[in-house]
Every structure is written in structure tokens, then in C-alpha cells.
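Visitor: sequence and predicted structure below; questions after.
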Amino acid sequence: MLMPRKKTPDLTVPLVTGETFKLSEEANERGTVICFYRGLHCPICASYLKELERLTPDFAERGIATVAVSTDVEDRAKAMAEKVGMSNLRLGYGLSIEDARSWGLYISTSRGKSSLGIVEPDLFSEPGVFLVQPDRALYYMSVQTMPFVRPHFNELLAAVDGAMAANYPARGEVQAD
């Protein structure tokens, strides 16, 4: 189980730009927002990623980078990038189910075609949002079992502002004995 103030797993995935995202090589002043999304088949993911795309420059002003990652294969990830109109947000793909589980993400099986008429992959991860500090310590996480009721990025941005101003520590760090 991931714990606040403890090091997260490393994360390495190819990006639709042809580059590679490697969490251990991120060098942002305040960290990285990692948004794990379900994939091209999910209509909620497209609108969710549009919000993160729009707010990525605002996160960057605060020293926080952004990346969105799915278990999708390259062509599906590229189709999502086009659908969302990505220019600021990095989009990664090819997350393994094993790596998704190491981040505490829930895994679902295909139910055939989604409401968009796109076939779901055999296995894919459900959504999760993480704010990881520069030393890879977990600061914030929200993991869902369903595609619904995700944290809003504008609220996360406001929380970051408040936390930075108050030098607020990551919470939830106490483990049972």
C-alpha cells in the first residue's frame, strides 16, 4: 500500500510524443501530478483530461509538472491525445497491469463496447490522481473503483496553493502496528 511521505514506485512509460516519461528523472520544484486514466474507450476520461490539459500551465507556474497515463496501446493513446487537443499535458501509454497495481489502482475487465462504441481492453486500470514530491514521496492520492466522481483539478490547484502557503505536510502517514 502506498503511504504519504513514503517513496512511490518509479514509473516509466513511453509518451505519445516519442519521448519517455520517467518519474525518477523528473526535476520539478514541487513535484508531479500523475493522472492515471481508463483509456480511449472512456468518455469521462476525455473531458477529465481536457481539464488537466487546460490547467497544466497553472500547475507549471507552481513548479508542478503533469502527466496522464493509461494501459492503452500507442494508437489508442495517440487518438486520445488528438481527441483532447493535447499541447501542454504529457500523455503516456502502455502502463502494465502489474505497475498499475503497484500504484494501488483498481483493475477492470472488458464489458465490450463502451457508450462511445469503442471496445474496452481486456484489462485496464481505473482512475487515480497522485501528487508526488520531487523526492518521489507521495503527497496526495485519490484512487477510484469507478470512472465517476473524480477530484477536480481546479480544486487540487487551489489545495496546492493553500498547502504551499501553510507548508502543510502530507497527511495519512500513520500505519497500524
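Guide: Great, that's in hand.
Visitor: what does the longest helix anywhere in the chain contact?
Guide: Determined from DSSP state H, the single longest helix within the chain is helix 43-61. Applying Cβ atoms under 8 Å, 6 or more residues apart in numbering, the contact partners of helix 43-61 are 33, 35, 37-39, 65-66, 68, 70, 80, 83-89, 91, 114-116, 127, 147-148, 150, 152-154, 157, 160. For the C-beta atoms, the positions are set from N, CA and C on the backbone; glycine is no exception.
Visitor: at 6 Å what do you get?
Guide: Helix 43-61 is contacted from outside by 35, 37-38, 66, 68, 83-84, 86, 88-89, 115-116, 147, 153, 157, using Cβ atoms under 6 Å, 6 or more residues apart in numbering.
Visitor: what do you get for stretch 106-122?
Guide: 40-41, 43, 97, 123-126, 145.
Visitor: quick check: the farthest pair among those residues?
Guide: Greatest spatial distance among the contacts of stretch 106-122 (Cβ to Cβ): Pro43 and Ile97, at 22.5 Å.
Visitor: and the contacts of stretch 106-122, which of them are buried?
Guide: Among those, the ones that count as buried by 16 or more other Cβ atoms under 10 Å are 40-41, 124-126.
Visitor: make a markdown table out of the residues you listed and add distance to Met1 and pLDDT.
Guide: Converted to a markdown table, those look like this (distance: Cβ to Cβ, whole Å; pLDDT from 0 to 100):
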| residue | distance to Met1 | pLDDT |
| --- | --- | --- |
| Leu40 | 29 | 96 |
| His41 | 28 | 93 |
| Phe124 | 21 | 97 |
| Ser125 | 16 | 98 |
| Glu126 | 16 | 98 |
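Visitor: for those, which one is nearest Thr20?
Guide: Nearest to Thr20 out of those is Ser125 (Cβ to Cβ; 19.4 Å).
Visitor: and the closest one, what are its bridge partners?
Guide: Ile107 (DSSP bridges).
Visitor: wait, it sits on Ala100?
Guide: Yes - counting by Cβ atoms under 6 Å, Ser125 touches Ala100, with 3.9 Å between them.
Visitor: coming back round to it: can you give me the buried ones in the longest helix of the chain?
Guide: Those would be 44-45, 48-49, 51-53, 55-56, 58-59, for helix 43-61 by 16+ other Cβ under 10 Å.
Visitor: report the two of those residues separated the most.
Guide: Farthest apart among the buried residues of helix 43-61 - using Cβ to Cβ - are Ile44 and Asp58, which lie 21.6 Å from each other.
Visitor: where's Ile34, which helix or strand?
Guide: Using DSSP states H and E, the element containing Ile34 is strand 31-36.
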